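Novice: Generate a structure from the sequence data that follows.
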Amino acid sequence: MPSAEPPASRRRNPPAEPPAPPAPRSRNPYARLFLIPGATAFTIGNLIARLPMGMFSVSAVIMIAGARDSYALAGAVTATGLAATAVVAPWTARLVDRHGQARIAVPATAIAALGSLSLLLCVHHGAPDWTLFASYAATATTPNTGGMSRARWAHLLKGDERAVHIANSFEQAADELCFMLGPVLAAFLCGALFPEAGTLIGVVLLLTGVLLFAAQRSTQPPPRGRTTTKEKSPLHARGMPTLLAAFLATGAVFGSMEVVTIAYADTQGHKAAAGVILALQAAGSCAAGLLYGTLKPSGPLHRRHILCAAAMAALMTLPLLAAALTGSLLVLAGALLVAGMATAPTMVTGMTLIQRRTPEGRLNEGMTLAVTGLLGGIACGAAGGGWVVEHIGTAQGYAVPVTAACCALLLSIAQACATSTPGPRSARPHAASAA
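Specialist: Numbering: from 1, shown residues only. Below is the predicted model:
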């Protein structure tokens, strides 16, 4: 019969201390995220890799327009890259879900880096125009680093909706920060060093960031692997097509605002100020995203998305009024700062809806579809805003983001209605959890 007396070695050790209480959430709710082992490392790597996303298109335009004296060619090349990304990115994300982030992201990034370097060499050495299109199209294999980071948070914080909300808010603020600093850094490098500097340094940052991110294997979601059964695509999830259309409309807000602001500042004789004014819009969105993460929103998620989209539609009227009534760049800058504060909460709630509606094991693909919709909207918005500016007027161009924001609101209402009505028996549990 075993003795009830514990072994001597066990008696010498004092009883385990109770775990220390968590830090108060009210002071800094984001601090809790980075207590997770490996979270800080993968976040740093992801931020380094994400910064070039705001650099590449600006660098390409400056580089191509300077060498070929054609903004039309530069715009066509970057538009081709966006179109190629819209086709390739979901397939890349599907491979990431199936085989793991590290296994797919590194070679995909290497291919994209070679495409950027090929573009640089073709521009520098005066290669035919078609080589520019082919080279920039190869960059479409760039993995969606923001989506992969959100997938890690969703995996690490599974079951903790409050923590997922905070993580999504942080990621949206990081997106805004990178897209605010990226163009400024690209323009500075191309102007201060040489026209190809923005692209070259962007490639170095992208490779470094992805390698650091991929090295943190302990935090990545487990790969789904191949399955013998045919799996449901995220596109076929209930309410997903309408939600992706809302992302398309939201992207049109961003794309049109950028083109119209540049044109408006140019007509005022201060084209160089456009970058600063647009940075204020991104700064407002970044601050709002961080603040939104500290809140504890209540009510169904689809209702919060409608409210955020409504706020975005209302605030987008401010730049239109500022441009039409005052003609002052200073007033316009303030209007854009305030208007930007509604975009981050809309994106945060939208991304959370994407996470909930995406079938299990295909989260990277679902969020990449959202980003693809956003990129497509940016391209459409830029084209629409440019047309209105050229044919109607620069101040009237600010009606395009207002219209796009109203479309996003209507689509948000439509997807809420589509998911709140009873569906097939097999789809009801999924729809209920998504609400």
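
Novice: Distance of the nearest residue to Phe213 once chain neighbours are set aside relative to Gln220?
Specialist: Spatial nearest neighbour of Phe213, excluding adjacent residues (Cβ to Cβ, 6 or more residues apart in numbering): Gly45 at 3.5 Å. No exception for glycine: its C-beta is placed from N, CA and C like everyone else's. As for Gly45, its distance to Gln220 is 12 Å (criterion: Cβ to Cβ, to the nearest Å).

Novice: Ok, Ala65 next?
Specialist: Counting by Cβ to Cβ - Ala65 and Gln220 are separated by 39 Å.

Novice: the more surrounded of the two?
Specialist: Gln220 (22 against 16; other Cβ atoms under 10 Å).

Novice: residue contacts, the more buried one?
Specialist: Phe42, Gly100, Gln101, Ala102, Met148, Arg152, His155 (Cβ atoms under 8 Å, 6 or more residues apart in numbering).

Novice: which among those residues gets closest to Arg50?
Specialist: Nearest to Arg50 out of the contacts of Gln220 is Met148 (Cβ to Cβ; 10.1 Å).

Novice: Is it correct that the closest one is in contact with Gly100?
Specialist: No. Using Cβ atoms under 8 Å, Met148 makes no contact with Gly100, being 10.4 Å away.

Novice: quick one on the thing from earlier: tell me which helix or strand the residue nearest to Phe213 sits in.
Specialist: helix 39-50 (DSSP states H and E).

Novice: and what of Trp153?
Specialist: helix 145-156.

Novice: helices or strands up against that helix?
Specialist: Using 3 or more Cβ pairs under 8 Å, 6 or more residues apart in numbering; DSSP states H and E as the contact test, the elements touching helix 145-156 are helix 39-50, helix 101-124, helix 161-192, helix 197-215, helix 343-357, helix 363-391.

Novice: Columns mean pLDDT, mean neighbour count and distance to Leu318 on top of those helices, output as JSON lines?
Specialist: Below are those laid out as JSON lines (pLDDT from 0 to 100; neighbours: other Cβ atoms under 10 Å; distance: least, Cβ to Cβ, whole Å):
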{"stretch": "helix 39-50", "mean pLDDT": "89", "mean neighbour count": "21", "distance to Leu318": "28"}
{"stretch": "helix 101-124", "mean pLDDT": "90", "mean neighbour count": "20", "distance to Leu318": "37"}
{"stretch": "helix 161-192", "mean pLDDT": "79", "mean neighbour count": "21", "distance to Leu318": "18"}
{"stretch": "helix 197-215", "mean pLDDT": "91", "mean neighbour count": "21", "distance to Leu318": "32"}
{"stretch": "helix 343-357", "mean pLDDT": "82", "mean neighbour count": "25", "distance to Leu318": "13"}
{"stretch": "helix 363-391", "mean pLDDT": "79", "mean neighbour count": "23", "distance to Leu318": "17"}
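
Novice: Same list (these) but as CSV, adding distance to Arg304.
Specialist: Formatted as CSV, the helices and strands packed on helix 145-156 follow (distance: least, Cβ to Cβ, whole Å):
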stretch, distance to Arg304
helix 39-50, 25
helix 101-124, 29
helix 161-192, 10
helix 197-215, 30
helix 343-357, 5
helix 363-391, 17
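
Novice: ok, Ala324 to Val276 distance?
Specialist: Going from Ala324 to Val276 by Cβ to Cβ gives 21 Å.
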